[in-house]
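*Asks:* Here's my sequence, what's the structure:
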Amino acid sequence: MVYEMTSPSAAATLFDGWEETLIWSCLQGIMGKIYTTDFSHPVSAMAVLGDFTFLAGVADTELAAYKPDGCTQDFMIMIPQNEAWERTVMEYYGSKARTVQRYAIRKEPDVFCREHLENIVASLPEDYQICLIDERLYHLCQENTWSADLVSQYKDYAQYSKLGLGVAICKDGAIVSGASSYASYQGGIEIEIDTMEDYRRQGLASVCGAKLILECLKRDLYPSWDAQNRWSVALAEKLGYHYSHTYTAIEITGY
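*Replies:* Next up is the predicted model:
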């Protein structure tokens with residue numbers, strides 16, 4: 001039997017040393033859920049937030065196979081804490097699973113150069129406008145597949161305005177690029193950046209990222225970054241971050 005932990009911090013020791021802000025969001029009870037097969041003395045646990053599942057402790061097939069109630073998506077990214085978890089997930093999901101490499105970025109609160117970021121923002125052409133994501137832009141983000149993840153983990157605008165933070169670049173009244181909080185935790189956010197396909201490779205993602213980092217600094221929030229690919233690593237480094245290490249993730253299609 002798999003249980004949702006009503007006191008998620010009880011599983012904190014299983015995730016010790018894992019610097020993933022999505023896990024912190026779950027453990028802090030802000031967003032996401034923690035699940036276990038032993039409610040009183042958990043030796044295994046999984047943290048689930050959006051498209052991500054983090055598997056910790058003793059590898060457990062029942063836990064790896066569990067799909068939380070209300071989860072309608074058919075895609076999941078599972079992050080195994082160790083090789084035993086990786087084997088367990090691959091054996092259970094079989095052809096639905098494939099391993100990929102993701103790129104962790106160092107968490108360095110004092111690394112950012114405000115002048116550099118401000119110069120990037122100032123490079124935005126005059127026919128574009130950049131502003132904070134308000135209620136109107138929040139709903140516009142929801143209307144497009146490419147921009148939905150900018151706000152998708154917040155149940156409504158009230159929660160987003162309380163916990164989240166984001167910026168959008170608009171042209172002719174339409175959103176063409178954005179940087180926003182994929183999730184929130186105590187003292188920071190996890191950054192999500194997306195750009196409409198026709199507007200990519202024009203520097204808009206850099207402008208959005210720089211503007212969001214500056215807004216985080218104003219609010220004493222840390223803008224955490226995790227890279228899906230090397231392009232994302234390069235963008236992060238352009239904004240002042242530093243690469244930390246590569247790690248294994250498992251993409252499940254038909255979840």
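*Asks:* how about stretch 231-243: buried residues?
*Replies:* Buried residues in stretch 231-243, counting neighbours by 16 or more other CB atoms under 10 Å, are found at 232-233, 235-236, 239-241. All C-beta atoms are positioned from the backbone trio N, CA, C, and that covers glycine.
*Asks:* which one of the residues you listed is nearest Leu124?
*Replies:* Leu239 (14.6 Å; CB to CB).
*Asks:* I'd guessed the closest one sits against Val207; true?
*Replies:* No. If you go by CB atoms under 8 Å, Leu239 and Val207 don't touch, sitting 10.2 Å apart.
*Asks:* anything in contact with each of these two?
*Replies:* Residues touching both Leu239 and Val207 by CB atoms under 8 Å, 6 or more residues apart in numbering: Ile120.
*Asks:* circling back to that earlier point, biggest separation within the buried residues of stretch 231-243, which pair?
*Replies:* Ser232 and Gly240 (14.3 Å).
*Asks:* How about the contacts made by the closest residue in space to Leu140 that isn't next to it in sequence?
*Replies:* Take Leu140 and drop its neighbours on the chain: the residue closest to it by CB to CB, 6 or more residues apart in numbering is Ile175, 5.3 Å away. By CB under 8 Å, 6+ apart, the residues touching Ile175 are 137, 140-141, 144, 147, 168-169, 196.
*Asks:* Per-residue pLDDT of Ile175, please?
*Replies:* Ile175 is assigned a pLDDT of 97 by the prediction.
*Asks:* which residues does it form a beta bridge with?
*Replies:* Cys170 (DSSP bridges).
*Asks:* now the one 5 residues further on
*Replies:* As for beta bridges, Ser180 partners with Gly166, Glu192 under DSSP bridges.
*Asks:* wait, doesn't it sit right on Leu150?
*Replies:* Yes. The pair Ser180 and Leu150 passes the contact test of CB under 8 Å, sitting 4.0 Å apart.
*Asks:* Next, show the common contact partners of the two.
*Replies:* Counting by CB under 8 Å, 6+ apart, the contacts common to Ser180 and Leu150 are 133, 141, 166, 168, 192.
*Asks:* Closest to Leu14 out of those?
*Replies:* Distances from Leu14 to the shared contacts of Ser180 and Leu150, taken as CB to CB, are shortest for Glu192 (26.2 Å).
*Asks:* surely the closest one meets Asp149?
*Replies:* Yes. With contact defined as CB under 8 Å, Glu192 and Asp149 form a contacting pair (5.4 Å).
*Asks:* who has more neighbours, those two?
*Replies:* Ranked by neighbour count (other CB atoms under 10 Å), Glu192 and Asp149 place Glu192 first, with 22 against 17.
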